[in-house]
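S.K.: Predicted model, plus sequence, below.
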Amino acid sequence: MVVDERNGSWGNAEVVPGSAALNTGGEGEIDSVSCASPGNCSAAGEYATPAPRSYPVHSFVVSERNGTWGKARKIPGLAALGAGQSRISSVSCASPGNCSAGGGKPQGPAFVVSQVNGKWGQAEKVPGLAAADTIGVVSSVSCASPRNCSAGGYYVRPPGTGLKAFAVSQHNGTWGTARQIPGMSQISSLSCASAANCTATGGSFAVSKVKGKWGKAAIVPGLAALSRGGHAFLNSVSCASPGNCSAGGYISASGDHAFLASQHHGTWGKAAIVPGLAGSGLSFVNSVSCGAAGNCSAGGSYLTTAGRTPGFVVSQVNGKWGQAEKVPGLAALNKDGSAAINSLSCASAGNCSAGGYYSSRTFQAFVVSQTMTPAQGL
């Protein structure tokens with residue numbers, strides 16, 4: 001399904017046009033969406049087809065133009081990359097009709113595919129990772145301008161040797177050769193403030209591309225002390241301008257704890273537990289988005305002493321993170337006590353929208369906007 005917010009009001013959810021014809025296995029979903037301007041978006045996901053003993057999944061893309069969603073389409077060229085399933089992890093649009101996406105094939109290569117002037121081209125293996133024994137996945141894509149994007153993920157070559165992180169850049173529509181990022185096992189999130197300036201995160205590490213050159217990966221300050229021998233996982237990063245980013249995730253050490261960290265003029269400050277969640281049980285930051293440098297929002301979930309898991313949002317204003325707060329209106333929807341923010345996007349400082357799920361006999365979707373509008377079920 002897809003749903004649009006127009007002039008501050010959420011419309012009705014609708015089935016992706018054309019998806020029913022593809023999804024004969026009945027297991028379809030949207031995994032990523034990106035909007036370059038109001039009413040001009042692209043989304044990517046997967047559909048299933050029936051087969052003996054399984055329902056294989058395959059990738060599709062769909063685009064919205066001037067507020068109208070077109071038909072879901074198979075990604076051209078995927079069949080030539082090898083038989084079997086495929087999954088798109090991320091899509092990013094720099095302008096209407098100009099987007100890039102990436103994903104992978106189980107036991108197969110990482111791939112990228114681009115849309116130019118509204119037309120999706122052929123999927124291609126990530127250059128530099130095309131060896132026959134390479135298994136890889138593009139986890140995140142970010143496009144700073146049309147046909148100038150960066151992507152990151154992980155690969156294994158040969159199988160059984162451990163995960164290695166990689167980053168790859170597109171310049172004027174041509175993807176360059178992937179570069180391994182030493183010290184990192186994977187890139188889970190990547191954000192580009194300009195074509196030559198990006199930041200990527202994975203595990204407890206961050207790495208930045210400055211003036212077109214990727215630097216060295218380093219542990220985000222403060223994470224080693226917070227994790228106390230456990231593990232830290234940076235789930236999401238967002239950059240409003242070169243060298244000014246925020247990231248969030250969770251720390252696994254005697255329970256999982258949500259944390260945030262910010263980069264200012266290229267230097268990371270110390271990671272800290274999300275304000276207001278220090279006394280909670282399990283907590284996670286799932287998504288971060290920055291509308292301007294030092295002005296970001298984040299969302300996720302946490303466990304209360306009563307055993308409920310309401311979603312939370314937290315905002316950063318002029319470089320300082322405020323207190324986490326419950327999502328307005330969500331408690332009334334969340335009858336069974338299990339909810340979370342999964343994705344959040346800010347078009348400008350203090351103007352964000354978020355979506356996730358809540359539980360009321362069954363799991364349901366909700367959306368909420370930072371214009372003080374209560375959460376609205378779909």
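M.R.: Alright, I've got the coordinates. Being a predicted model, the structure only gives us computed values, none of them experimental. Numbers count the residues shown, from 1 in each chain.

S.K.: Next, the residue lying closest to residue 275 once chain neighbours are set aside: secondary structure please.
M.R.: Of all residues not flanking residue 275 in the chain, residue 323 sits nearest, at 4.9 Å (C-beta to C-beta, 6 or more residues apart in numbering). For glycine as for every other residue, the C-beta is placed from the backbone atoms N, C-alpha and C. Using DSSP: H, G, I helix; E, B strand; the rest coil, the structure places residue 323 in coil.

S.K.: Please apply the same query to residue 20.
M.R.: Assignment for residue 20 (three-state DSSP): helix.

S.K.: Retrieve the pLDDT associated with it.
M.R.: pLDDT recorded at residue 20 is 94.

S.K.: Could you report the separation of it from residue 135?
M.R.: Distance, residue 20 to residue 135, using C-beta to C-beta, to the nearest Å: 32 Å.

S.K.: Who has more neighbours out of those two?
M.R.: residue 135 (19 against 13; other C-beta atoms under 10 Å).

S.K.: How many neighbouring residues does the residue nearest to the more buried one when sequence neighbours are not counted have?
M.R.: With sequence-adjacent residues excluded and distances taken as C-beta to C-beta, 6+ apart, residue 135 is closest to residue 156, at 4.7 Å. For residue 156, the neighbour count with other C-beta under 10 Å is 16.

S.K.: Contacts only, for residue 156.
M.R.: Residues counted as contacts of residue 156 (C-beta atoms under 8 Å, 6 or more residues apart in numbering) are 134-136, 162-164.

S.K.: run the last query once more with 10 Å
M.R.: 107, 133-137, 162-164 (C-beta atoms under 10 Å, 6 or more residues apart in numbering).

S.K.: What subset of those is buried?
M.R.: Among these, those scoring as buried are 134-137, 163-164 (criterion: 16 or more other C-beta atoms under 10 Å).

S.K.: Contacts only, for residue 93.
M.R.: 33-37, 40-43, 63, 99-101, 115, 141, 143, 146, 149.

S.K.: change it to 8 Å
M.R.: 34-36, 40-42, 99, 115, 143.

S.K.: now residue 183
M.R.: Residue 183 sits next to 205, 216-218 when contact means C-beta under 8 Å, 6+ apart.

S.K.: Can you select the buried ones from these in PyMOL?
M.R.: Buried members of the contacts of residue 183, identified by 16+ other C-beta under 10 Å, are gathered into one PyMOL selection as follows:
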select buried, resi 205+217
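
S.K.: how about residue 256, what does it touch?
M.R.: Counting by C-beta under 8 Å, 6+ apart, residue 256 has contacts 250, 282-284.

S.K.: which residues sit against the helix-or-strand element of the chain with minimal mean pLDDT?
M.R.: Least confident helix or strand of the chain, by mean pLDDT, DSSP states H and E, is strand 373-377 with a mean of 73. The set of residues external to strand 373-377 that reach it, using C-beta under 8 Å, 6+ apart, is 8, 10, 327-330, 333, 358, 364-368.

S.K.: where's the nearest residue to residue 86 once chain neighbours are set aside, which helix or strand?
M.R.: Leaving out its chain neighbours, the residue that sits closest to residue 86 by C-beta to C-beta, 6+ apart is residue 59, at 4.5 Å. Residue 59 is part of strand 57-65, with elements assigned from DSSP states H and E.

S.K.: That strand: which residues count as buried?
M.R.: Neighbour-count burial for strand 57-65 [16+ other C-beta under 10 Å]: 57-64.

S.K.: Show me which of those residues is closest to residue 171.
M.R.: Closest to residue 171 out of the buried residues of strand 57-65 is residue 61 (22.3 Å), distances taken as C-beta to C-beta.
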